[in-house]
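Student: Show me how the following folds:
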Amino acid sequence: MQPELSTPATPASSPAPTPSAAPQVAGDARSVAMPGSVVEATLTTPVAVYPGVTHPVWARSADGAMWRGTASLDDRGRILLAFTTLLTQTGTQVPVTAYVESSDGPGIGGRVRTASPNAARTALNGLLTGVQSFVQSQSAKSTTYSASGLVTTQERPQNFWLALGGNLAQAFVVPDTKAQVVPFGQLPAGEPLAIRIDVSVK
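Tutor: This next block holds a predicted model:
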């Protein structure tokens, strides 16, 4: 029966320090994102990338936390998903350094085909429209969670859902290309992911 950091002991058992807010945030972060651990998650928004393209992406882990990161395509034709922020079920935003890995290394391989730049851009435009709808719906939602038998409702932090600068369209980097065809990688929403955490919040 050893108490864990994320589940504080009863007041009677330890009359320790008064500042309780900071340890709670750290415990919340560590319980979701332990450095070196692998978290099972599901892709919430689709991915569509070709060389030079980056765009925001969201995933949900099995514990209900939401992860925000960036999708790109490397020069070996692997789709890379790097996550920098997660939102825990209790509404805490946690900075992380994490990436999706497969059994054969970082990223996801075998999902690339050739496409014309116009076809790739059309797919990206459709993706942007879908992501905008997702972000708008999520930023207006509130999170309900239960702690110690109580149900609490709170607004999701707006800046978690909105991309850098608050302009989602600008977060989609789509370069011009003179090539007649480009390697084009796609992942659907619902794709299972394994997220490897490098560094968690202190």
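Student: Please list all residues in contact with the residue nearest to Val47 when sequence neighbours are not counted.
Tutor: In space, and not counting its chain neighbours, Val47 is closest to Leu187: 4.0 Å by Cβ to Cβ, 6 or more residues apart in numbering. Quick note: C-beta positions are derived from backbone N, CA and C, even for glycine. By Cβ atoms under 8 Å, 6 or more residues apart in numbering, the contact set of Leu187 is Leu43, Pro46, Val47, Ala71, Ile79, Ile108, Arg111.
Student: Roughly how far does the fourth one sit from Ser133?
Tutor: For Ala71, the distance to Ser133 equals 18 Å [Cβ to Cβ, to the nearest Å].
Student: now the first one
Tutor: In this view, Leu43 and Ser133 are 16 Å apart by Cβ to Cβ.
Student: With neighbour numbers in mind, choose between those two.
Tutor: Per other Cβ atoms under 10 Å, whichever of Leu43 and Ser133 has more neighbours is Leu43, with 22 against 10.
Student: Tell me, how many residues neighbour the spatially closest residue to the more buried one that is not a sequence neighbour?
Tutor: Nearest residue to Leu43, sequence neighbours excluded (Cβ to Cβ, 6+ apart): Glu191, at 4.1 Å. Using other Cβ under 10 Å, Glu191 has 19 neighbouring residues.
Student: What of Ser103?
Tutor: 5.
Student: Give me the phi and psi for it.
Tutor: phi -60, psi -20 (degrees, to the nearest 10).
Student: what's near enough to touch it?
Tutor: Per Cβ under 8 Å, 6+ apart, neighbours of Ser103: none.
Student: what's the nearest residue to Gln84 if we skip its chain neighbours?
Tutor: Let me fix one detail, which is that residue 84 is Thr and not Gln. In space, Thr84 is closest to Gly69, 5.8 Å off (Cβ to Cβ, 6+ apart).
Student: least trustworthy helix or strand in the chain by mean pLDDT?
Tutor: Sorting the helices and strands of the chain by mean pLDDT, DSSP states H and E puts helix 21-32 at the bottom, at a mean of 47.
Student: Point out where this protein drops to low pLDDT.
Tutor: 1-33, 140-158, 162-167, 199-202 (pLDDT under 70).
Student: And the helices in it?
Tutor: Under the criterion DSSP state H, the chain carries helices at the ranges 21-32, 117-139, 158-161.
Student: Pull the contacting residues for Asp104.
Tutor: Contacts of Asp104 by Cβ under 8 Å, 6+ apart: none found.
Student: If we use 10 Å, what do you get?
Tutor: Arg78, Gly110 (Cβ atoms under 10 Å, 6 or more residues apart in numbering).
Student: repeat for Gln186
Tutor: 46-50, 71, 79, 111-113, 115, 120, 123, 127.
Student: For ChimeraX, write a command that selects the buried ones of the residues you listed.
Tutor: One line in ChimeraX is enough to select the buried ones among these; burial here means 16 or more other Cβ atoms under 10 Å:
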select :46,47,48,49,50,71,79,111,112,115,120,123,127
